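Visitor: Sequence and predicted model, in that order:
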Amino acid sequence: MKTIDKITALLDSKEIPKHKRVSLLVEVTGKSWQAISKWFKGTTKKPDYENVKAIADYFSVDVESLLDEDAGAPMPSPKTEKLARISQLVKECADLGLEDLLLESLETFSKVAQPKK
């Protein structure tokens with residue numbers, strides 16, 4: 001399975017509408033709309049390693065699973081998806097300047113959640 005087909009499978013698995021796919025990959029990779037569009041049309045070479053890595057990170061899959069053309073479509077595990085969501089929420093809190101509040105909340109939760117000895 002080609003790398004672009006695996007990327008398409010990931011987009012399908014996330015139910016990302018076809019009309020939003022190129023825009024999403026432009027945002028994830030920083031490449032131009034035209035360059036991404038050419039990947040899907042097959043009129044240019046496959047994405048380079050850095051772009052595939054950015055896509056793999058975004059979808060929480062191993063970059064090698066996207067590059068290995070002998071393997072099937074990669075699918076993120078539920079645990080990996082949860083960790084990716086946690087990471088996304090931490091970034092959003094940081095963007096809002098809420099790092100201290102988030103840290104304090106997590107430390108409090110950690111203390112409360114630990115089993116009593």
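Guide: Sure thing, it's come through. Numbers count the residues shown, from 1 in each chain.

Visitor: Scan this structure for its longest helix.
Guide: With DSSP state H setting the assignment, residue counts place helix 78-95 as the longest helix in the chain.

Visitor: can you pull the buried residues of the helix or strand bottoming out on mean pLDDT in the chain?
Guide: Across the helices and strands of the chain, mean confidence by mean pLDDT, DSSP states H and E is lowest for helix 78-95: a mean of 76. Neighbour-count burial for helix 78-95 flags 84, 93 (criterion: 16 or more other CB atoms under 10 Å). The C-beta positions use only the backbone N, C-alpha and C, and glycine is treated the same way.

Visitor: give the contact list for the spatially most central residue of the chain.
Guide: When the chain is reduced to its mean C-alpha position, the closest residue under CA atoms, centre = their mean turns out to be residue 58, at 1.4 Å. By CB atoms under 8 Å, 6 or more residues apart in numbering, the residues touching residue 58 are residue 28.

Visitor: before we move on, back to that, let's see the next helix or strand after the longest helix of the chain as CSV, backbone CA atoms only.
Guide: Read in the C-terminal direction, the helix or strand following helix 78-95 is helix 99-113, with elements assigned using DSSP states H and E. Output of helix 99-113 as CSV, limited to C-alpha atoms (Å, rounded to 0.1, in the frame of the first residue of the first chain):
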residue,chain,number,x,y,z
GLU,A,99,0.0,26.1,32.4
ASP,A,100,0.1,26.8,36.2
LEU,A,101,-3.6,26.1,36.7
LEU,A,102,-3.3,22.9,34.7
LEU,A,103,-0.2,21.7,36.6
GLU,A,104,-1.9,22.5,39.9
SER,A,105,-5.0,20.6,38.9
LEU,A,106,-3.1,17.6,37.7
GLU,A,107,-1.0,17.5,40.9
THR,A,108,-4.2,17.7,43.1
PHE,A,109,-5.9,15.0,41.0
SER,A,110,-2.8,12.7,41.3
LYS,A,111,-2.8,13.0,45.1
VAL,A,112,-6.5,12.3,45.3
ALA,A,113,-6.4,9.4,42.8
